[in-house]
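**Student:** give me coordinates for this.
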Amino acid sequence: MLIRRQNLSVIIVSFNSDHVIHRCISSIDKEIEIIVIDNSNNTKFKNNIEEQYKNVKCILSTANIGMGAGNNLGIKNTDKDFALILNPDVILNKNTIEELIKASSEVDSFGLIAPISDKSEYPNYKFDKNENQKFNQFNPFKVKSVDGYSMLLNLKKLRKSNFNFFDENIFLYLENDDLCKRLIDLNENIYIIPKAKINHLGASATSKKYSYQIEMSRNWHWMWSKFYFKRKHQGYLFALISGFPKFLSSILKFLFYILIKKQNKKQIYLHRASGYLNALLGRKSFYRPKLD
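**Tutor:** Below is the predicted model:
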């Protein structure tokens, strides 16, 4: 089945993202359905955005459920055959949608295709070296995985195989790697479409006034998610051994920054150590930034 504007939905998970999401929405064709999942549970934001954009439906998640669970909620609320997952700090080029539509008729059967970042120094994909995958500036090319800030899922095909889209145990980081690995395990193809370009503003999805809280959250979840991902796909012992050097380093740096009274650095490494330790003990990804 080919992608058309009528069978495509765009899903955007937002969290205090009012400062960037309008540029994202404005870059999307007006005839395409957009579903915004707002994890900050902001009724005023919902009312304003639905009033301003006639093709946007905003769903309040009632709690900060994270990127993966937010995307799943968006998928559950669309009857379209395809879903373009976007972060609120992503801006599409004028021809991005058209190039994705064209590519759907050119590639083999696919589970996921993705546009390409216009920042070539920061590629939004990884190759599987064992499969001899390589970059092509003109034609779609296969990859091992893509970054989660922009990916287009073949919902109709994946629903038939009862595919569980995003692992909701993961609050932040590596939910995209997990999804891509499970697609590859099902022998589904993942393509990058080099003529479909996007601009990812990067680390801009949440207002900068919460930068300290978000930084602490990122450090905690990076360590937690790495342990969880490795345990899920390579076993508990591998996750423990491969992550322990970073854990030990975090403890030593935490003690060092206590001595020289660098509060911010101290907290960063405390949160890193805590993320690893909680994953090691099998605790859920519970940490949430305090944005009161």
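**Student:** strands along the stretch 51-200 of the chain, start to end?
**Tutor:** Taking DSSP state E, counting those that start in this stretch as the test, the strands found in the stretch 51-200 of the chain are 56-60, 82-86, 90-92, 112-117, 125-126, 141-142, 145-146, 150-154, 190-200.
**Student:** can you put those strands in a markdown table and add mean neighbour count and distance to Asn219?
**Tutor:** No exception for glycine: its C-beta is placed from N, CA and C like everyone else's. As requested, these are exported to a markdown table (neighbours: other C-beta atoms under 10 Å; distance: least, C-beta to C-beta, whole Å):
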| stretch | mean neighbour count | distance to Asn219 |
| --- | --- | --- |
| strand 56-60 | 18 | 28 |
| strand 82-86 | 26 | 24 |
| strand 90-92 | 24 | 23 |
| strand 112-117 | 25 | 24 |
| strand 125-126 | 18 | 22 |
| strand 141-142 | 20 | 33 |
| strand 145-146 | 25 | 23 |
| strand 150-154 | 24 | 24 |
| strand 190-200 | 21 | 21 |
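**Student:** among those, which comes closest to Leu174?
**Tutor:** Closest of those to Leu174 is strand 145-146, at 9.9 Å (criterion: C-beta to C-beta).
**Student:** got CSV for the strands of the stretch 51-200 of the chain, with distance to Leu259 too?
**Tutor:** Formatted as CSV, those follow (distance: least, C-beta to C-beta, whole Å):
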stretch, distance to Leu259
strand 56-60, 45
strand 82-86, 44
strand 90-92, 42
strand 112-117, 41
strand 125-126, 39
strand 141-142, 50
strand 145-146, 40
strand 150-154, 43
strand 190-200, 38
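**Student:** distance to Met223 and mean pLDDT for those strands - can I get that in CSV?
**Tutor:** Shown next, in CSV, are the strands of the stretch 51-200 of the chain (distance: least, C-beta to C-beta, whole Å; pLDDT from 0 to 100):
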stretch, distance to Met223, mean pLDDT
strand 56-60, 30, 97
strand 82-86, 24, 98
strand 90-92, 26, 97
strand 112-117, 25, 97
strand 125-126, 20, 96
strand 141-142, 31, 96
strand 145-146, 20, 97
strand 150-154, 24, 98
strand 190-200, 24, 97
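**Student:** so which of those strands gets nearest Ser26?
**Tutor:** Once these are compared by C-beta to C-beta, strand 90-92 is nearest, at 8.4 Å.
**Student:** so Gln213 sits against Arg288, correct?
**Tutor:** No. The pair Gln213 / Arg288 is not scored as a contact, 9.2 Å apart, by C-beta atoms under 8 Å.
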